[in-house]
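J.: just to be clear, the model below is a prediction. Sequence and coordinates:
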Amino acid sequence: MPNARTRALSDVLDQLEKAAHGKSIPIGEVVEHLGRKSFASLMLIFSLISTSPASAIPGITATVAVIVFLLAVQMIVGRDCVWLPDFVARRHISTAKLCKGIGWLRKPVQWVERFLRPRLTFLLHRPWIFVPLVLILALTLVMPVLEVVPTSGSIASAVIALFAAGLLTHDGALVAGSLVLLLGVPAAILHFGFSP
């Protein structure tokens, strides 16, 4: 019997698509639409944006890094509601590029969902969850610099998205996998970003 959580990733894309209107949408409105208590959903959607063609928007990788950093810090300290500073909440994302990114993500997300299910859930709780969160914090500190290295920002964002997807679907195995990948991100960036 399929678990409702296996469509959680597509549901987040659906919610984001419904929020898209006009020529651009402020980040604060995205947060309000997805819910201020939805840390995993917000981390997932912003890291996916930085993985998709929407990452071509100048400064988007740095902006996503700031957002993910703030989310991870607040998760570590145990906040109940998401807080973003005004200069981040007021930043706008092009609706056209956002919708293009959502469309691009649909097929890979639907493919990944087939393998997700609640398991190894103890990894989603303290103290185990602190390990990937601290690594994500470290990764976000260098992500703004990665904008100058082709594909590197997308690699980092994709790994963060896997972690967030594991949280959202209660899949501890995916969280563990993302932890392994997080440790390998520096080597992947050096290989793909600087290889001729």
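T.: Perfect, thanks for sending it.
J.: all helices for the chain, in order.
T.: 8-19, 27-34, 39-51, 60-77, 86-89, 95-113, 130-142, 152-169, 172-194 (DSSP state H).
J.: of these, which is nearest L123?
T.: Proximity to L123 (CB to CB) singles out helix 172-194 among the helices of the chain, at 3.7 Å. Bear in mind the C-beta positions are built from the backbone N, C-alpha and C, glycine included.
J.: chain neighbours aside, what residue packs nearest to R119?
T.: Spatial nearest neighbour of R119, chain neighbours left out: A173 (5.3 Å); criterion: CB to CB, 6 or more residues apart in numbering.
J.: list the residues that contact that neighbour.
T.: 119-120, 166 (CB atoms under 8 Å, 6 or more residues apart in numbering).
J.: what do you get if the cut-off is 10 Å, keeping everything else the same?
T.: 115-121, 123, 166 (CB atoms under 10 Å, 6 or more residues apart in numbering).
J.: who wins for neighbours among those residues?
T.: Among the contacts of A173, the one with the most neighbours (other CB atoms under 10 Å) is G166, at 26 neighbours.
J.: can I assume it is in contact with L116?
T.: Yes. The criterion here is CB atoms under 10 Å, and G166 meets it with L116 at 8.0 Å.
J.: identify the contacts common to the two.
T.: 173-174.
J.: now the helices of the chain as TSV including mean pLDDT?
T.: Formatted as TSV, these follow (pLDDT from 0 to 100):
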stretch	mean pLDDT
helix 8-19	83
helix 27-34	86
helix 39-51	86
helix 60-77	90
helix 86-89	88
helix 95-113	84
helix 130-142	89
helix 152-169	86
helix 172-194	75
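J.: and of the contacts of A173, the nearest to L42?
T.: G166 (14.9 Å).
J.: OK, contacts around that closest one?
T.: Taking CB under 10 Å, 6+ apart, we find G166 in contact with 40, 44, 116, 119-120, 123-124, 132, 172-179.
J.: could you single out the nearest of those to S52?
T.: Among those, L44 lies closest to S52 (CB to CB), at 12.2 Å.
J.: so who does that closest one touch?
T.: 8-9, 12-13, 16, 34, 38, 109, 160-169.
J.: quick one: it and R90, what's the gap?
T.: The gap separating L44 from R90 is 22 Å, by CB to CB, to the nearest Å.
J.: cool, V134 as well?
T.: As judged by CB to CB, V134 and R90 stand 29 Å apart.
J.: what do you get for S24?
T.: To R90, S24 is 11 Å away according to CB to CB.
J.: the more surrounded of these two?
T.: S24 (15 against 12).
J.: can you tell me how far the residue lying closest to L13 once chain neighbours are set aside sits from H125?
T.: Ranked by CB to CB, 6+ apart and with sequence neighbours excluded, the top spatial neighbour of L13 is I102, at 5.4 Å. Computed as CB to CB, the I102 to H125 distance reads 31 Å.
J.: likewise for H21?
T.: For H21, the distance to H125 - CB to CB - is 37 Å.
J.: H170 too?
T.: Distance, H170 to H125, by CB to CB: 11 Å.
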